[in-house]
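1. predicted structure and sequence below. I'll ask about it afterward.
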Amino acid sequence: MKAKFLVPLFLFLVLVGFLAFGLGLNPREVPSPLIDKPAPAFSLARLDQPEQRFSIDEMRGQVWLLNVWASWCVACRQEHPVLVDLARRNLVPIVGLNYKEVRGDGAIDARGMALEVETAQAISRARGWLKAHGDPYQLSVLDIDGRVGIDFGVYGVPETFLIDRDGRIRYKHIGPVTPDNLQKVLLPKIEELKRAG
Amino acid sequence: MIPELGHFALVLAFVLALVQAVVPLVGAARNNQSMMAVARPAAQGQFLFIVFAYGCLTWAFITSDFSVQLAATNSHSETPLMYKITGVWGNHEGSLLLWAMSLSLWTVAVTVFSRNLPDAFMARVIGVLGFVSLGFIAFMLVTSNPFDRLLPGAPQGRDLNPLLQDPGMIIHPPLLYMGYVGFSVAFAFAIAALLTGRFDAAWARWSRPWTTVAWVFLTAGIAVGSGWAYYELGWGGWWFWDPVENASFIPWLVGTALMHSLAVTEKRGAFRSWTVLLAISAFSLSLLGTFLVRSGVITSVHAFATDPARGMFILALLVIVIGVSLLLYAWRAPKLTGGGSFGLVSRDTTLLGNNVLLAVVAASVLLGTLYPLFLDALNLGKISVGPPYFEAVFVPLMTPVVVLMMFGPFLRWKNDEMGAVVRRLAPAAVVSVLTGVGVAFAIGNPTWRTMLGISLAAWVVLTSFQLLAARLKDRHGGTTSSRLSTIPAAWWGMWLAHFGVGIFIIGVTLVGSIESNLDLRMKEGQQADFAGYTVKFRGVVEADGPNYDAMRATIDLSRDGRAIATLQPEKRVYRAMGMPMTEAALDIGVFRDVYVSLGEQLPEGDWIVSLHYKPFISWIWAGCIFMVLGGILAAADRRYRRLAERSAPAGAAAHAA
């Protein structure tokens, strides 16, 4: 076996070393453009009291989570028990952003539906869903047309944003929150933010 | 029930892959005919089971069975039927199944079309392919089962990623996978040869058509993917040096080198250990490409499945397949010396030079792709390597490749005379440079990039015709038309593919030099001038599709008062995912495309309209089509079929001779 014929194998093994290490890194941690920027301002009707509006200024001074959800979202159902459990522990307030409750549901043709009708449907669907699966939210707001979702750069439901006392987005979780994510990433970050202020 | 049947079929395919991997190899080692004979039926049976499994998965998508997790996350009851079918591979698990199916298809093709191979060699080839298949099916069964149930079933699916709901995406992945996976055949031939230590001209001749066909698929796949990016991503670019594009381009570069190296090995017996290394590398890099895309090691738009456990599994697979191959190579390759010697000025030299250059380009692209990962791993910060790096490396390295590419066919094997060749090609070289400089000034873009690009393209086109003329010139008598008919298909293939490179370079150069774009804010009825055209914005209407809501703009394109086209770009929001998409509208022409995409609506009701003028962009695809046709001609050459006939029963063989 001549040494020069081992060169390809050697180079390959070096590459493997890097790749193995790379697997431990999280490519999703690549900063989202919104990270460390003030959360986009919004004012939306509350799910529990639709005549009242909620704006994010009300959360100033608190570290909180904004969780984007909808009753039609399959993966939301998967993360929901995790959120219910988190809420029970009273560590952090969670605000739900109910995203396109009606028109986001592919089973419904919301075209030409009057906004009041759509809103009324959204409220009954969303309330029914929370009743059935538990309500982890301090409150939920209704993003009927998805505009606020777009401001937040939501491209899939569920997504979860961690927002600090000054109203800045500090972390964004895409996809369902798993107990593992919660324990290893979200909770330490929440603790850190709480201590910081 | 049907998904369970599919899952079960996959398990059976796994068992058959195990049989296919082990029994023939043991048989070949012990020279046991009946064990070797297991290779074919095992491979064919495995193929049937994988196709069945694939059919079951497709059925779940077509019938919107959202109790299957994969269908629930990648389909929707309102998704058009075509995209329900293609949605099967628009995700991690399904695309692996497609990968395994195409590997199995290639294996069956080998069992059918290479009946002339010696039994022991065939057994080894099929055995090696069986091992690869075994790894991939195990990967699916262990970490990525496409038939996983979602219980209770979802009432509605989340729909296929809207980016993938496009005609280009119907054919891009299958073509690409056929190309990637096709290199497995050349790989298996190389491993089988390493196992036996037999590397003769026959080995190279057997490998050549397989490699060429795989290369054809890969070329077509990359071209379609590039076309898709051009019109679907909405900003008019056609190549982004995105890690996933690179993952397909690196095997292409190495595969191109392999194709040419096999030619030398077949004709001259030279470069044998180098050819074997290229054969191993081409497939290894395809596997690496799969790893990069599927593991999420490198962030990219394409990496929709990121899961370290899966990444670990593929990495282990890589280590086993590639590591063992390279170990085998290190052990056996030192014996592969010899082959004909050749002089400095010879076709052999140009081919070797280009092979080495292509390998270096491939290594540079790989380095650029993985560099961010290396730095991150060494804790030197997060960076991204963009097009400037790749262009800075690619252009200087590919320039000599293109120049040498046209020298080669004019040179004789083994040894030729420098003076004669230089005298023959000097006029073409001078005219090429003058053309490059002239065109660059004529189009008002006298940059070195334009001059170089046009000079290279002119060089390829001029020397191509010179080569054809020389081929048709009187050498052994006969009329021009009779000489035309004696040119073998392989020669035409070579000629056409090289010519295609020239056409491709024209497209790339001119798009880069004289394209222009303009973002406008437009009101209904407003007109604007752009690149010599007049653009009139007629307004926006709602135009909803089966699974999306859309706003459709109507834009009239005219030139000097003459109507040219009415373009209707759309802005869509796919309902299930709430994902906004830009559908550009194109007026495609031979010498230019006009490309319009609809941007955001401004609060006052105006719209942002993005206009692109893309000269000669069709030439990029035309160049690729020439390369693909060239590859098809080369693979269809009669001598490969004669080879097959020769292996037929003795009587027929005698007749053919």
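-> That came in fine, so what should we check first? Numbers count the residues shown, from 1 in each chain, chains lettered A, B, ... in the order given.
2. and the stretch 351-500 of chain B, which residues reach chain A?
-> B:370, B:373-374, B:376-377, B:382 (CB under 8 Å from any CB of the partner chain). C-beta: built from backbone N, CA, C; applies to glycine.
3. drop anything exposed from those.
-> Buried subset of those (neighbour count, 16 or more other CB atoms under 10 Å in any protein chain shown): B:370, B:373, B:376-377.
4. so which of those residues sits lowest on pLDDT?
-> Sorting these by pLDDT puts B:Asp376 at the bottom of the list (70).
5. run a quick check on that one versus A:Gly22, I expect a contact.
-> Yes. Using CB atoms under 8 Å, B:Asp376 is in contact with A:Gly22, at 7.2 Å.
6. thinking again about what came up before, output the buried ones among the residues of the stretch 351-500 of chain B next to chain A as CSV; include the columns secondary structure.
-> CSV is the format used below for these (DSSP: H, G, I helix; E, B strand; the rest coil):
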residue, secondary structure
B:Leu370, helix
B:Leu373, helix
B:Asp376, helix
B:Ala377, helix
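7. take the residues you listed and write them to CSV, including distance to A:Asp180.
-> Compiled in CSV, those are given as follows (distance: CB to CB, whole Å):
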residue, distance to A:Asp180
B:Leu370, 28
B:Leu373, 24
B:Asp376, 22
B:Ala377, 23
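8. and after whichever strand or helix holds B:Gly512, which helix or strand comes next?
-> Using DSSP states H and E, the secondary-structure element containing B:Gly512 is helix B:489-514. Counting by DSSP H and E, the element after helix B:489-514 in chain order, helix or strand, is strand B:516-522.
9. what's that next one packed up against?
-> With contacts defined as 3 or more CB pairs under 8 Å, 6 or more residues apart in numbering or on different chains; DSSP states H and E, strand B:516-522 has these neighbours: strand B:527-530, strand B:607-615.
10. average pLDDT across the longest one?
-> It refers to strand B:607-615. The predicted model gives strand B:607-615 an average pLDDT of 89.
11. what strands line up against it, and which way round?
-> With DSSP bridges as the criterion, the sheet partners recorded for strand B:607-615 are strand B:516-522 (antiparallel), strand B:592-601 (antiparallel).
12. low-confidence ranges, chain A, go.
-> Per-residue confidence of chain A (counting by pLDDT under 70) places the weak regions at A:1-2, A:24-32, A:106-112, A:155-156, A:197.
13. residues contacting the residue nearest to the spatial centre of it?
-> The C-alpha lying nearest the average C-alpha coordinate of chain A belongs to A:Thr160 (CA atoms, centre = their mean; 1.6 Å). For A:Thr160, the residues meeting the contact criterion (CB atoms under 8 Å, 6 or more residues apart in numbering or on different chains) are A:65-68, A:172-173, A:177, A:186.
14. partner strands of whichever helix or strand it is part of and their direction?
-> Using DSSP H and E, A:Thr160 falls within strand A:159-163. Strand pairing for strand A:159-163, determined by DSSP bridges: strand A:64-69 (antiparallel), strand A:169-174 (antiparallel).
15. okay, the first one in CSV with CA atoms only?
-> Output of strand A:64-69 as CSV, limited to C-alpha atoms (Å, rounded to 0.1, in the frame of the first residue of the first chain):
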residue,chain,number,x,y,z
TRP,A,64,-43.2,36.8,27.0
LEU,A,65,-43.9,34.4,24.2
LEU,A,66,-45.9,35.0,21.1
ASN,A,67,-47.1,31.7,19.7
VAL,A,68,-48.6,31.6,16.2
TRP,A,69,-51.4,29.0,16.0
